[in-house]
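Asker: Pasted the sequence and its predicted model underneath.
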Amino acid sequence: MELFAIETGNFKLDGGAMFGVVPKVIWNEIYPSDENNLCNWAMRCMLVVDGERKILIDNGIGDKQDQKFLKNYHLNGDDTLEKSLKKLGFSFDDITDVILTHLHFDHCGGSIKYNEKRELVPAFPNATYHTSNQQWEWATNPNRREKASFLHENIYPVKESGQLNLFGSDIELFPGLFLKLFNGHTDGQVIPHIEVNGKTIVFCADLFPSSMHIPMPYIMAYDTRPLITLDEKTRFFKEAIEKDYILFFEHDIYHECCNLHETEKGVRAKDYFTLNECLGRF
Amino acid sequence: MELFAIDTGIIKFDGGSMFGIIPKVIWQEQYPADKRNYSHWAMRCLLVVDGDRKILIDTGIGNKQSKNFIRYYTEKTDYSLQSSLEKHGFGFDDITDIVLTHLHFDHCGGCVRYNENNEPILAFPNATIHASKQQLEWSLNPNDRESPSFLKENILPILESGKLNLIDKEQELFPGFYLKLYNGHTDGQIIPHIHVNDKIFVFGADLFPSTTHIPIPYIMAYDTRPLLTIDDKKRFFAGINLQDLVVFFEHDLYVECCTLIDTDKGVKADKTFTLDEYFKR
């Protein structure tokens, strides 16, 4: 099994919203914002290659939104989903499986594209799309707070294509690829845990959007159930320290991966590295 | 029944924390922040005088915290709980009832003070203290997120005083003085509704900390259950005739009271005024 980081571009979100109850005087030292209080965030997906199987975890914001939408989120950077896949010798047609951690537009926007007739079609024609039942229900009956993140054009065409596979509990989707469900950020967020070369690499999605979000109080204001996020972090840390998990960050523009250690102040990042470094590819 | 605003001081909270998912480019147009991103918030309590009954709703941060704590959280003012009560001719001894909306330190800190022997005692010797059972239990078994807001020196002396009246459901505590419970910000937050003449004065506490927080998406990052806050706000507006309402803001430094208006974009603040203006004092 081989794992690759797939950069799909960066976007900007308000730092206050990203750091919740943590005051700016503290977060700005470590994750600086621009003059409009916006911080720059990666949309870093992961490609898992296991023989014939090519699994993509999340797929960024995509390119089908209008200019106004994309401008609102200040898309930047040279990387795109297509370019990053190509660099590794893969195309959209090669992907056999897409795992969607959840259905917010910055995670699943690349799932669907417009064809020449301007119809919405799956961007990965040969892939099965996997996400949780709970998240599907939540996204198709959204609460007022998350409504703006669940875009119709990202979600319904996946089901209409017949390529959707929903699951309802923690599962081993493929040998060594475990999907675990978390509910604090949004209902039924899928957190993939991948066992490779005796290591467990965790695709953190919005459970830990960045390495900054490791300390307990750092919970996004976007989280729908912050008290549950607290419980989930506690539960996750226990396992992560015990099994020496490697955390892979989707949104951290500065750090791709880190491991964890216990300190007097609680669990913190220990060493930072890239996925290539961690897997011994230089 | 007469109502008086009792300003007890100014507290500083990060604007990002106060406005949750709302980006600063939007909230700063409505509520300013200083260079360090701190906004200044009132700790404005409400005194309700009904004959011999003198009810104080919330008590501010108090004066028993350390210098560092006070320097970190507050801005100096030339008024205090004591001076604001005196301005209207009242002292701590006159208060017969305290209603604590919840037990975060910026709401209940003034209830307890230290005596000459540095022992914690009730600052209002003749008052019964009303709080919700749900909130008391929540504060005694705090989650990690709220535990820094529940200070044992604020809560335990009240508990041990024998003056605590716990309520566990919505009720008319005194004639025309209703207590309603909301759970989004913290468990069992009390929102007093006071009927005066043909109006209902609502003490906004942390359900509506400021005028800016009236629209549904404006929810503090501090709220423990933001999805419940959405329901709370909907429930609040659903059960009530908007024209009858005056909202009194505990934390809005710039606006003491407002009426509400329904617009295509939802409910918003309409006319703003002080209690003194409203009661033509």
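Answerer: Happy to help now that I have it. Numbers count the residues shown, from 1 in each chain, chains lettered A, B, ... in the order given.
Asker: Would you mind listing the buried residues in the helix or strand residue A:26 falls within?
Answerer: Per DSSP states H and E: residue A:26 is located in helix A:24-30. Neighbour counts over helix A:24-30 (16 or more other CB atoms under 10 Å in any protein chain shown) mark A:24, A:27, A:28 as buried. The C-beta positions use only the backbone N, C-alpha and C, and glycine is treated the same way.
Asker: cool, stretch A:31-42 as well?
Answerer: In stretch A:31-42, counting by 16+ other CB under 10 Å, buried: A:31, A:33, A:37, A:38, A:39, A:40, A:41, A:42.
Asker: got it, and stretch A:267-282?
Answerer: Buried, per 16+ other CB under 10 Å, within stretch A:267-282: A:267, A:269, A:275, A:278, A:279.
Asker: Chain B contacts on the stretch 151-282 of chain A?
Answerer: Contact residues (CB under 8 Å from any CB of the partner chain) of the stretch 151-282 of chain A with chain B: A:216, A:217, A:219, A:221, A:222, A:223, A:224, A:225, A:226, A:227, A:230.
Asker: And residue B:262, what's its pLDDT?
Answerer: At residue B:262, the predicted lDDT confidence score is 94.
Asker: so what's it bridging to?
Answerer: Applying DSSP bridges to residue B:262 gives these bridge partners: residue B:267.
Asker: Pull the number of nearby residues for it.
Answerer: 12 (other CB atoms under 10 Å in any protein chain shown).
Asker: Correct me if wrong: it contacts residue B:242.
Answerer: Yes: if you go by CB atoms under 8 Å, residue B:262 and residue B:242 touch, sitting 5.9 Å apart.
Asker: what about residue A:10, which SS state?
Answerer: strand (DSSP: H, G, I helix; E, B strand; the rest coil).
Asker: contacting residues for it?
Answerer: Neighbouring residues of residue A:10 by CB atoms under 8 Å, 6 or more residues apart in numbering or on different chains: A:40, A:41, A:42, A:43, A:75, A:76, A:77, A:253.
Asker: what about the second one, distance to residue A:67?
Answerer: The one in question is residue A:41. Going from residue A:41 to residue A:67 by CB to CB, to the nearest Å gives 20 Å.
Asker: do the same with the fourth one
Answerer: The spacing between residue A:43 and residue A:67, counted by CB to CB, is 18 Å.
Asker: Residue B:72 too?
Answerer: Relative to residue A:67, residue B:72 is positioned 45 Å away (CB to CB).
Asker: and if you look at residue B:151?
Answerer: Counting by CB to CB, the gap from residue B:151 to residue A:67 is 51 Å.
Asker: Next: residue A:212.
Answerer: Here residue A:212 is placed at a distance of 30 Å from residue A:67 (CB to CB).
Asker: the more surrounded of those two?
Answerer: In this view residue A:212 and residue A:67 are compared by other CB under 10 Å, and residue A:212 has more residues nearby, 22 against 7.
Asker: What values do phi and psi take at the more buried one?
Answerer: phi -60, psi -30 (degrees, to the nearest 10).
Asker: Repeat that for residue A:14.
Answerer: phi -60, psi 130.
Asker: thinking again about what came up before, could you dump the buried residues of stretch A:267-282 to TSV with secondary structure?
Answerer: TSV is the format used below for the buried residues of stretch A:267-282 (three-state DSSP):
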residue	secondary structure
A:267	strand
A:269	strand
A:275	helix
A:278	helix
A:279	coil
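Asker: Ignoring the adjacent residues along the chain, who's closest to the most centrally placed residue in chain B?
Answerer: Note on chain B: the residue nearest the mean C-alpha position is residue B:205, at 3.3 Å, using CA atoms, centre = their mean. Excluding the flanking residues, the one nearest residue B:205 by CB to CB, 6 or more residues apart in numbering or on different chains is residue B:101, at 3.9 Å.
Asker: contacting residues for that neighbour?
Answerer: Per CB under 8 Å, 6+ apart, neighbours of residue B:101: B:57, B:58, B:107, B:189, B:190, B:191, B:192, B:203, B:205, B:206, B:250.
Asker: give me the beta-bridge partners of the fifth one?
Answerer: With DSSP bridges applied, residue B:190 shows beta-bridge pairing to residue B:181.
Asker: Looking at it now. What's its pLDDT?
Answerer: In this model, residue B:190 is scored at 98, pLDDT.
Asker: So it versus residue B:147, what's the distance?
Answerer: Relative to residue B:147, and taking CB to CB, residue B:190 is found at 21 Å.
Asker: Now residue 196: closest residue in space, sequence neighbours ignored.
Answerer: Assuming you mean chain A. What sits nearest to residue A:196 in space, not counting adjacent residues and going by CB to CB, 6+ apart, is residue A:1, at 4.9 Å.
Asker: hm, I was asking about chain B
Answerer: Closest residue in space to residue B:196, ignoring its immediate chain neighbours: residue B:1 at 5.1 Å, by CB to CB, 6+ apart.
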